[in-house]
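Colleague: Kindly generate the corresponding structure for this input.
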Amino acid sequence: MLNFAGWNVAGGAFLRRWAPLPLRLIVGYGFMAHGIAKAARGPDAFPALLQAMGIPEPFLMGWLTILVEIFGGLAVLLGSFVPLASVPMAIVLLVAMFTVHLPYGFSSIKLQAITESGARFGQPGYETDLLYLACLATLVLGGSGPLSVDAMIKRRASLVLRT
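Modeller: Prediction:
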(Lines give C-alpha, C1' and ligand atoms only; values in the text may rest on other atoms or scores of the structure.)
Protein backbone atom coordinates (compact mmCIF):
# COMPACT_ATOMS: atom_id res chain seq x y z
CA MET A 1 0.00 0.00 0.00
CA LEU A 2 1.40 3.39 -1.04
CA ASN A 3 0.84 6.44 1.13
CA PHE A 4 0.37 9.62 -0.93
CA ALA A 5 -0.17 12.89 0.94
CA GLY A 6 -1.88 11.05 3.79
CA TRP A 7 -4.05 8.92 1.47
CA ASN A 8 -3.60 5.17 1.21
CA VAL A 9 -3.31 4.43 -2.48
CA ALA A 10 -3.75 0.82 -3.56
CA GLY A 11 -2.33 0.00 -6.99
CA GLY A 12 -2.62 3.61 -8.14
CA ALA A 13 -6.43 3.43 -8.47
CA PHE A 14 -6.80 6.58 -6.40
CA LEU A 15 -4.46 8.54 -8.67
CA ARG A 16 -5.89 7.08 -11.89
CA ARG A 17 -9.35 8.42 -11.17
CA TRP A 18 -7.86 11.95 -11.08
CA ALA A 19 -6.12 11.56 -14.46
CA PRO A 20 -8.92 13.27 -16.45
CA LEU A 21 -8.56 16.51 -14.47
CA PRO A 22 -5.36 17.85 -16.10
CA LEU A 23 -6.71 16.82 -19.53
CA ARG A 24 -9.94 18.72 -18.91
CA LEU A 25 -8.10 21.78 -17.66
CA ILE A 26 -5.70 22.09 -20.61
CA VAL A 27 -8.19 21.11 -23.34
CA GLY A 28 -10.96 23.28 -21.92
CA TYR A 29 -8.69 26.26 -21.40
CA GLY A 30 -7.03 25.80 -24.79
CA PHE A 31 -10.31 25.76 -26.68
CA MET A 32 -11.67 28.73 -24.74
CA ALA A 33 -8.48 30.73 -25.31
CA HIS A 34 -8.63 30.12 -29.06
CA GLY A 35 -12.31 31.02 -29.27
CA ILE A 36 -11.92 34.17 -27.18
CA ALA A 37 -8.89 35.24 -29.26
CA LYS A 38 -10.92 34.85 -32.46
CA ALA A 39 -13.87 36.79 -31.04
CA ALA A 40 -11.60 39.54 -29.66
CA ARG A 41 -10.35 40.38 -33.15
CA GLY A 42 -13.82 41.61 -34.04
CA PRO A 43 -16.97 40.07 -35.50
CA ASP A 44 -15.72 39.97 -39.09
CA ALA A 45 -12.04 39.00 -38.70
CA PHE A 46 -12.28 35.20 -38.46
CA PRO A 47 -15.13 34.94 -40.99
CA ALA A 48 -12.96 36.99 -43.41
CA LEU A 49 -10.20 34.38 -43.06
CA LEU A 50 -12.69 31.62 -43.76
CA GLN A 51 -14.00 33.49 -46.80
CA ALA A 52 -10.44 33.84 -48.15
CA MET A 53 -10.08 30.05 -47.78
CA GLY A 54 -13.28 29.46 -49.76
CA ILE A 55 -15.30 28.10 -46.83
CA PRO A 56 -19.03 28.34 -47.60
CA GLU A 57 -21.14 30.59 -45.36
CA PRO A 58 -18.02 32.07 -43.73
CA PHE A 59 -19.85 34.33 -41.26
CA LEU A 60 -22.05 31.49 -39.99
CA MET A 61 -19.21 28.96 -39.93
CA GLY A 62 -16.85 31.45 -38.27
CA TRP A 63 -19.20 32.22 -35.44
CA LEU A 64 -20.21 28.57 -35.01
CA THR A 65 -16.52 27.76 -34.65
CA ILE A 66 -16.00 30.53 -32.10
CA LEU A 67 -19.04 29.43 -30.09
CA VAL A 68 -17.97 25.77 -30.18
CA GLU A 69 -14.51 26.73 -29.00
CA ILE A 70 -15.73 28.94 -26.14
CA PHE A 71 -18.69 26.92 -24.88
CA GLY A 72 -17.28 23.49 -25.77
CA GLY A 73 -14.09 24.48 -23.96
CA LEU A 74 -16.12 25.59 -20.94
CA ALA A 75 -18.06 22.31 -20.95
CA VAL A 76 -14.82 20.29 -20.99
CA LEU A 77 -13.23 22.51 -18.34
CA LEU A 78 -16.22 21.89 -16.04
CA GLY A 79 -16.56 18.24 -17.06
CA SER A 80 -20.11 18.91 -18.20
CA PHE A 81 -21.67 16.73 -20.92
CA VAL A 82 -18.20 16.00 -22.29
CA PRO A 83 -19.26 13.27 -24.78
CA LEU A 84 -21.85 15.63 -26.28
CA ALA A 85 -19.54 18.68 -26.33
CA SER A 86 -16.72 16.62 -27.86
CA VAL A 87 -18.55 15.99 -31.15
CA PRO A 88 -18.58 19.58 -32.48
CA MET A 89 -15.14 20.16 -30.95
CA ALA A 90 -13.74 17.18 -32.86
CA ILE A 91 -15.36 18.48 -36.05
CA VAL A 92 -13.67 21.88 -35.58
CA LEU A 93 -10.32 20.12 -35.06
CA LEU A 94 -10.73 17.88 -38.11
CA VAL A 95 -11.72 20.81 -40.33
CA ALA A 96 -8.72 22.82 -39.10
CA MET A 97 -6.44 19.85 -39.62
CA PHE A 98 -7.54 19.09 -43.18
CA THR A 99 -8.05 22.66 -44.41
CA VAL A 100 -5.16 24.49 -42.71
CA HIS A 101 -2.54 22.33 -40.97
CA LEU A 102 -2.16 19.19 -43.12
CA PRO A 103 -0.01 20.78 -45.84
CA TYR A 104 2.55 21.82 -43.21
CA GLY A 105 3.25 18.27 -42.02
CA PHE A 106 3.07 16.74 -38.59
CA SER A 107 5.17 18.97 -36.34
CA SER A 108 3.49 21.86 -34.58
CA ILE A 109 6.82 23.57 -33.88
CA LYS A 110 9.01 24.49 -36.83
CA LEU A 111 11.93 26.60 -35.76
CA GLN A 112 13.08 28.52 -38.83
CA ALA A 113 15.62 30.91 -37.37
CA ILE A 114 16.88 32.64 -34.28
CA THR A 115 17.24 36.36 -34.85
CA GLU A 116 18.09 39.32 -32.67
CA SER A 117 14.36 39.75 -31.99
CA GLY A 118 13.93 36.10 -30.98
CA ALA A 119 12.91 32.79 -32.46
CA ARG A 120 10.99 32.65 -35.76
CA PHE A 121 8.65 29.74 -36.34
CA GLY A 122 6.96 28.37 -39.46
CA GLN A 123 3.37 27.33 -39.96
CA PRO A 124 2.17 24.69 -37.46
CA GLY A 125 1.35 21.19 -38.63
CA TYR A 126 -1.43 18.90 -37.46
CA GLU A 127 0.31 17.53 -34.34
CA THR A 128 -1.64 19.73 -31.89
CA ASP A 129 -4.95 18.86 -33.58
CA LEU A 130 -4.19 15.17 -33.03
CA LEU A 131 -3.23 15.77 -29.40
CA TYR A 132 -6.51 17.59 -28.74
CA LEU A 133 -8.44 14.79 -30.48
CA ALA A 134 -6.64 12.16 -28.38
CA CYS A 135 -7.45 14.07 -25.19
CA LEU A 136 -11.13 14.40 -26.15
CA ALA A 137 -11.31 10.68 -27.00
CA THR A 138 -9.70 9.82 -23.65
CA LEU A 139 -12.23 11.95 -21.77
CA VAL A 140 -15.16 10.47 -23.70
CA LEU A 141 -13.98 6.88 -23.16
CA GLY A 142 -12.68 7.25 -19.60
CA GLY A 143 -15.06 9.82 -18.18
CA SER A 144 -14.62 13.34 -16.83
CA GLY A 145 -13.27 12.35 -13.43
CA PRO A 146 -14.43 13.05 -9.89
CA LEU A 147 -14.39 16.87 -9.90
CA SER A 148 -16.86 17.31 -12.74
CA VAL A 149 -20.46 18.20 -13.44
CA ASP A 150 -20.85 14.79 -15.12
CA ALA A 151 -19.73 13.02 -11.90
CA MET A 152 -22.07 15.20 -9.82
CA ILE A 153 -25.02 14.30 -12.08
CA LYS A 154 -24.09 10.63 -11.90
CA ARG A 155 -23.90 10.75 -8.07
CA ARG A 156 -27.28 12.48 -7.82
CA ALA A 157 -28.86 10.00 -10.23
CA SER A 158 -27.54 7.06 -8.19
CA LEU A 159 -28.91 8.61 -4.99
CA VAL A 160 -32.34 9.05 -6.58
CA LEU A 161 -32.33 5.45 -7.81
CA ARG A 162 -31.49 4.15 -4.31
CA THR A 163 -34.45 5.91 -2.68
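Colleague: got a list of what the residue nearest the centre of the chain touches?
Modeller: A centroid search over the chain (Cα atoms, centre = their mean) returns Val27, at 3.3 Å, as the residue closest to the centre. For Val27, the contact set (Cβ atoms under 8 Å, 6 or more residues apart in numbering) comprises 73, 76-77, 132, 135-136, 139. Quick note: C-beta positions are derived from backbone N, CA and C, even for glycine.
Colleague: Which of those ranks first by neighbour count?
Modeller: Most neighbours among the contacts of Val27, by other Cβ atoms under 10 Å: Val76, with 30 neighbours.
Colleague: which SSE is the nearest residue to that residue once chain neighbours are set aside in?
Modeller: In space, and not counting its chain neighbours, Val76 is closest to Gly28: 3.9 Å by Cβ to Cβ, 6 or more residues apart in numbering. Gly28 belongs to helix 20-40 when elements are defined using DSSP states H and E.
Colleague: do the same with Ile114
Modeller: strand 111-115.
Colleague: Now the element after that strand, going C-ward?
Modeller: In N-to-C order, the element after strand 111-115 by DSSP H and E is strand 118-121.
Colleague: Just flag the most distant two among the contacts of Val27.
Modeller: The distance between the two most remote of the contacts of Val27 (Cβ to Cβ) is 13.6 Å, for Leu77 and Tyr132.
Colleague: ok, how many other residues are close to the residue nearest to Val76?
Modeller: 24.
Colleague: separation between it and Phe106?
Modeller: Using Cβ to Cβ, to the nearest Å, Gly28 is found at 25 Å from Phe106.
Colleague: Kindly report the same for Arg120.
Modeller: Distance from Arg120 to Phe106, by Cβ to Cβ: 20 Å.
Colleague: got it, and Arg17?
Modeller: Distance from Arg17 to Phe106, by Cβ to Cβ: 32 Å.
Colleague: More neighbours: these two, which one.
Modeller: For the pair Arg17 and Phe106, the greater number of neighbours falls to Arg17 (14 against 10), based on other Cβ under 10 Å.
Colleague: residues making contact with stretch 129-145?
Modeller: By Cβ under 8 Å, 6+ apart, stretch 129-145 touches 17-21, 23-24, 26-27, 30-31, 76, 79-80, 82-83, 86, 89-90, 93-94, 96-97, 101, 150-151.
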